[in-house]
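> Give the three-dimensional model of this entry:
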Amino acid sequence: MQAPFPVAPLDGHVSFLPLETRLLARVHRLFARDRYERLELNALVQRVIVTDARRKAAEELTLRWTQLNVEEILQSPYVLVGTVDQLIDDLQGRRTRWGISYFLTHEPYVDAFAPVVARLAGT
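The predicted model follows:
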């Protein structure tokens, strides 16, 4: 079965745009059909930055990821930037919006992510 719309960016670079993520979620639903509710969607978070200077940290990331702007970084399911409360709000919003049921991150960001996980787990 072929998807009725493109699911990859046309210019070949990886994009984190929310629109493309929503399209991908629709593709999952399309192909999974009645199994969709049993799927566990995940996202591999590329950066976890706990900071009170959310916007400034996102601006710094645009220097490395030049194809993205600040808003795209802050809305991306693959980047977490902000206070612990903001990260929790972001994770809960992404679960609601895109159906992502769990998040993973790279080893260098585990310690930064730990307080978020602890709060979400109620510990």
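> okay, and for this protein, where does confidence drop off?
1-29, 123 (pLDDT under 70).
> Show me the helices in this structure, by range?
18-32, 54-64, 70-75, 84-98, 110-121 (DSSP state H).
> and these as a markdown table, adding mean neighbour count?
Every C-beta, even on glycine, is put in place using the N, C-alpha and C of the backbone. Output for the helices of the chain, formatted as a markdown table (neighbours: other Cβ atoms under 10 Å):
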| stretch | mean neighbour count |
| --- | --- |
| helix 18-32 | 15 |
| helix 54-64 | 15 |
| helix 70-75 | 18 |
| helix 84-98 | 16 |
| helix 110-121 | 14 |
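> Export these to TSV and append columns for distance to Leu104.
Formatted as TSV, the helices of the chain follow (distance: least, Cβ to Cβ, whole Å):
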stretch	distance to Leu104
helix 18-32	16
helix 54-64	19
helix 70-75	18
helix 84-98	12
helix 110-121	9
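> How many neighbouring residues does the nearest residue to Leu104 once chain neighbours are set aside have?
Leaving aside its chain neighbours, Leu104 sits nearest to Leu44 (5.1 Å; criterion: Cβ to Cβ, 6 or more residues apart in numbering). Residues within reach of Leu44, counting by other Cβ atoms under 10 Å, total 10.
> my read: Leu44 touches Tyr102, true?
No: with contact defined as Cβ atoms under 8 Å, Leu44 does not count as touching Tyr102 (10.5 Å).
> ok, back up a step: looking at the helices of the chain, which is nearest to Leu39?
For the helices of the chain, proximity to Leu39 was assessed by Cβ to Cβ; helix 18-32 is nearest, at 5.6 Å.
> list the contacts for the closest residue in space to Phe113 that isn't next to it in sequence?
Excluding the flanking residues, the one nearest Phe113 by Cβ to Cβ, 6+ apart is Val48, at 4.7 Å. Counting by Cβ atoms under 8 Å, 6 or more residues apart in numbering, Val48 makes contact with 80, 87, 105, 109, 112-113, 116.
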